[in-house]
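Visitor: need coordinates for the below:
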Amino acid sequence: MPAAATNLADLYTDHHQWLQQWLRRRLGNAADAADMAHDTFVRILSKRQSGMLAQPLHEPRAYLSTIARGLVIDHWRRRELEQAWLQTLAALPEEAMPAPEVRLQALQALMEIDRLLHTLKPKVRSAFLLAQLDGLTCPQIAKHLGVSLATAERYVAQGLRACYASRFEA
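Guide: Next up is the predicted model:
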């Protein structure tokens, strides 16, 4: 068994190149891979500074790839969201096209909403979206999800609480 990684500088020196290659295979892009490798080590540094990661790493590559995998998923989700936003903008008539700063603000808001929605449990997220986007009532949501009315109401309320908390936590 290899020695446990205890020093961030050693972890970086020993595994950065491997991580960057691992990411390049998944992303198909050296620049994105370099950025994500950097972001992976920034996450580790912030965890260590906050005291969340005080133990030595016995499986550093597994730990690095777990963090990087989450970053890759976030990256692809952001890309999909950006593409959907660009398609929406392309469908607008020229006179309805928002100003560039408004487009950027809207995209940032969409990314924040996406981040928030992905913190919710899947059934809570589904119930909330069914209520907010599809306009379903709680009895309709209960039937659609195969849960009790009380559970559907609780799910929608949890989604609303998460939105309010996110909005007013600043």
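
Visitor: could you use CA atoms for every contact and neighbour count after this?
Guide: Fine.

Visitor: list the buried residues of the longest helix seen in the chain.
Guide: Ranked by residue count and defined by DSSP state H, the top helix of the chain is helix 60-91. By neighbour count with 16 or more other Cα atoms under 10 Å, helix 60-91 contains the buried residues 60-61, 64-65, 67-69, 71-72, 78, 81-82.

Visitor: mind putting the residues you listed in CSV, distance to residue 156 and pLDDT included?
Guide: Below are the buried residues of helix 60-91 laid out as CSV (distance: Cα to Cα, whole Å; pLDDT from 0 to 100):
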residue, distance to residue 156, pLDDT
60, 40, 89
61, 39, 92
64, 36, 93
65, 34, 94
67, 30, 93
68, 32, 95
69, 30, 94
71, 28, 92
72, 29, 93
78, 25, 89
81, 23, 91
82, 27, 92
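
Visitor: quick revisit: does anything pack onto the longest helix of the chain? Which helices or strands?
Guide: helix 8-27, helix 30-49, helix 100-117 (3 or more Cα pairs under 8 Å, 6 or more residues apart in numbering; DSSP states H and E).

Visitor: can you redo those helices as TSV with distance to residue 133, mean pLDDT and mean neighbour count?
Guide: Shown next, in TSV, are the helices and strands packed on helix 60-91 (distance: least, Cα to Cα, whole Å; pLDDT from 0 to 100; neighbours: other Cα atoms under 10 Å):
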stretch	distance to residue 133	mean pLDDT	mean neighbour count
helix 8-27	32	92	16
helix 30-49	33	89	16
helix 100-117	13	90	14
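
Visitor: return the distance of stretch 91-99 from the chain's centre.
Guide: 29 Å (Cα atoms, centre = their mean, to the nearest Å).

Visitor: stretch 28-38 now?
Guide: On Cα atoms, centre = their mean, the centre of stretch 28-38 falls 17 Å from that of its chain.

Visitor: what are the contacting residues of that stretch?
Guide: Contacts with stretch 28-38, where a contact means Cα atoms under 8 Å, 6 or more residues apart in numbering, come from 16, 19-21, 23-24, 27, 68, 71-72.

Visitor: what about 10 Å?
Guide: 12, 15-27, 39-40, 42, 64-65, 67-69, 71-72, 75 (Cα atoms under 10 Å, 6 or more residues apart in numbering).

Visitor: and if you look at stretch 142-156?
Guide: Residues contacting stretch 142-156 (Cα under 10 Å, 6+ apart): 120-132, 136-141, 157-158, 160-162.
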